[in-house]
Structure formats: C-alpha cells, structure tokens
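S.K.: The amino acid sequence is not available; the structure is as follows:
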C-alpha cells in the first residue's frame, strides 16, 4: 500500500488533473467528507489529507511514501528539520506563485533599504525571509504570523510583509504593493528515501507517470535555473562544484553535488533546483568549512612563541 500526502486547497485541486492523467482518481470529495484517509481507484494507493506545512514531515518520517508540497514549505522545513530523508524528483509546475516583499503604498522601501533602516517584517517564512534580508545586508525584526499577513502593516504591527503572491489581488485590496520578488514557487513531488528503496517496484512507475503527466502540461515551462545557482538565486560555493563527485556513470548534475548530499536514482530529473535546495547546502558547506579552518588558525596563534 502506497500513501500519498496532500494538503487541502490549491495544491489538492491542481494535483487532481495530474493524477487523472496518470490514471489515478480520488474516490471521495474531501470537501464532502470529514475523512482524512481517502481511497483511490487503485487498491494499492491511498491519499491522506494533512496541513501543507506537515507534508514534508509526514513523508520524511515515513507516515507517507510520497507527497506534494510547495517549494516554500520545503525550504522552510529544510531549515528546521534538515534536508535528509527526502527525494525531490519532479517539479510538477502547479500552484505557481512567488515569494515577495510587500509594503503599504506610501512606504518607500527602496529608500529605507539604502539608508540602512531597521525594518519590522511580518511573515510565515521566517527562515527564508531571514536569509533574504541577510544577503542584502538589511537589518530586520521578524514577526512570525500564520495568516492574514496583509493586516500587519495596516495596523502598524510591521513595516512590510514577506508572503506568497499570485495575482496580487489581495495586496491591492488591502492597499499594499509588491516591492520585491524573492523567488518563484511551484509544487514539487517528494518521496521518502527509504520507501523508494523498499518499494521501488510500485513507487518508480508512479513517479514516472506523474513526471510524464507534468511534462504533458503545455503551460509548464522548462526549468532555466543553472546548476551553480539555486532557485533562490544564491550562488553555491566552489565546494559544490569541486572534483569530489559521484562516479562517472552518474548524470552530470549529480557530479556537481557533494557526497554528503542524498543522491536520487540516476533515472531521475536533470534539474538541480527540482532535486533539492542548493542554497541550504551552500550555507551548510560554507559554515562547516569556516568551522574547520578556525581552530587551525587559532592553534597556530597560540603555539607561536612571543618574540
């Protein structure tokens, strides 16, 4: 029995056509039932309904064999739980939007950034917002909220917000404007690593069918993110493109990844941004290399005899 974790809302609605093209249909309407486990037309596949932020957790710890989650949720989960335990074989190209900074219409965001002002920012994506503003050198106080983000600047709780933007209609209705786009977001198929090894005979055909269904959607553009740069626009350190690579029989994109990175099967996609967030890997590599170098330099200073 395979378990597919989905969240109610836009991702569920956008995933249903992909499942239909893969020959899978959900037997019950989640809006018409309180059941959290829904059967499908396949006796070996069921769907579990969880919160969007819980999908990576269910898949990582084996509560589900695979799931569909937005890139924003995955990157936040990586910052909290780490990136181990998951494969990300397919960018499904659904639930497309962007993570952006928005402010009230009368707020001069560009001037505040240039002047080095300290901003208070409300967001649900604390880790992504912190990394974005740190890369720009902007000092911010982050206020974590779980909803109604547009309300924060209107009542003086925050100067700006970091939230998902699709059409911008909600921002406009509340007197806010999008001032900076951080990254493009889309839903990804994620697979439990252990499940793929133990249930390869049933999981791999399902993953291949979903990949083909996503590719058949003419509205899905090809991924244009180059390998040395992740989807967040963060350049990866040279350690990620060093000669320490996987065997020569692996695809070229796998050779650019460090050995500590979970390596998906060689038949999976050639898009690095669909495989895993290189920005988090880059940060980990840079931090670990700094920690390794510091004690040696310190010991040299301590061992030097005074002249």
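M.R.: That came through fine. These figures come from a predicted structure and were not determined experimentally.
S.K.: helices or strands next to the longest strand anywhere in the chain in the packing?
M.R.: Ranked by residue count and defined by DSSP state E, the top strand of the chain is strand 176-185. The elements that strand 176-185 packs onto, with contact taken as 3 or more CB pairs under 8 Å, 6 or more residues apart in numbering; DSSP states H and E, are helix 71-81, strand 97-104, helix 109-114, helix 126-136, strand 160-165. Heads up, the C-betas are built off the backbone N, CA and C, glycines and all.
S.K.: Number of residues surrounding residue 216?
M.R.: Residues lying near residue 216 (other CB atoms under 10 Å) number 11.
S.K.: Would you confirm that it contacts residue 22?
M.R.: No - if you go by CB atoms under 8 Å, residue 216 and residue 22 don't touch, sitting 9.9 Å apart.
S.K.: which neighbours do these two share?
M.R.: Counting by CB atoms under 8 Å, 6 or more residues apart in numbering, no residue touches both residue 216 and residue 22.
S.K.: from the chain's centre, how far out does stretch 116-130 sit?
M.R.: 18 Å (CA atoms, centre = their mean, to the nearest Å).
S.K.: Now it: buried residues?
M.R.: Residues 119, 121, 122, 123, 124, 125, 126, 127, 128, 129, 130 are the ones in stretch 116-130 that count as buried (16 or more other CB atoms under 10 Å).
S.K.: Ok, stretch 6-16 next?
M.R.: For stretch 6-16, using 16+ other CB under 10 Å, the buried residues are 6, 7, 10, 11, 12, 14, 15.
S.K.: Same question for stretch 54-70.
M.R.: Those would be 54-60, 63-70, for stretch 54-70 by 16+ other CB under 10 Å.
S.K.: And for stretch 27-36?
M.R.: Buried residues in stretch 27-36, counted by 16+ other CB under 10 Å: residue 30.
S.K.: Grab the nearest non-local neighbour of residue 65.
M.R.: In space, and not counting its chain neighbours, residue 65 is closest to residue 195: 4.2 Å by CB to CB, 6 or more residues apart in numbering.
S.K.: Tell me if I am right that the one you found is in a helix.
M.R.: Yes - the assignment for residue 195 by DSSP: H, G, I helix; E, B strand; the rest coil puts it in a helix.
S.K.: That one contacts residue 203, doesn't it?
M.R.: Yes - the pair residue 195 / residue 203 is scored as a contact, 6.3 Å apart, by CB under 8 Å.
S.K.: okay, and the common contacts of the two?
M.R.: Residues touching both residue 195 and residue 203 by CB under 8 Å, 6+ apart: 65, 66.
S.K.: Among the buried residues of stretch 54-70, find me the one that's closest to residue 172.
M.R.: residue 70 (22.5 Å; CB to CB).
S.K.: residue ranges with poor pLDDT in this protein?
M.R.: 83, 218-307 (pLDDT under 70).
S.K.: Just the helices from it, written as ranges.
M.R.: Under the criterion DSSP state H, the chain contains helices at 10-21, 55-60, 71-81, 109-114, 126-136, 151-154, 169-173, 193-198, 200-215, 252-255, 272-275, 278-303.
S.K.: got the angle between the third one and helix 126-136?
M.R.: Between the axis of helix 71-81 and that of helix 126-136 there is an angle of 90 degrees, by axes from the mean of the first three to the mean of the last three CA atoms, to 10 degrees.
S.K.: Next, count neighbours for residue 167.
M.R.: Residue 167, neighbours per other CB under 10 Å, totals 8.
S.K.: what's the distance between it and residue 178?
M.R.: From residue 167 across to residue 178, the span is 11 Å (CB to CB, to the nearest Å).
S.K.: so what's the residue nearest to residue 65 up against?
M.R.: Going by CB under 8 Å, 6+ apart, the list of residues near residue 195 reads 62, 65, 66, 203.
S.K.: Can you give me every residue that contacts residue 182?
M.R.: 98, 99, 100, 101, 128, 132, 162, 232.
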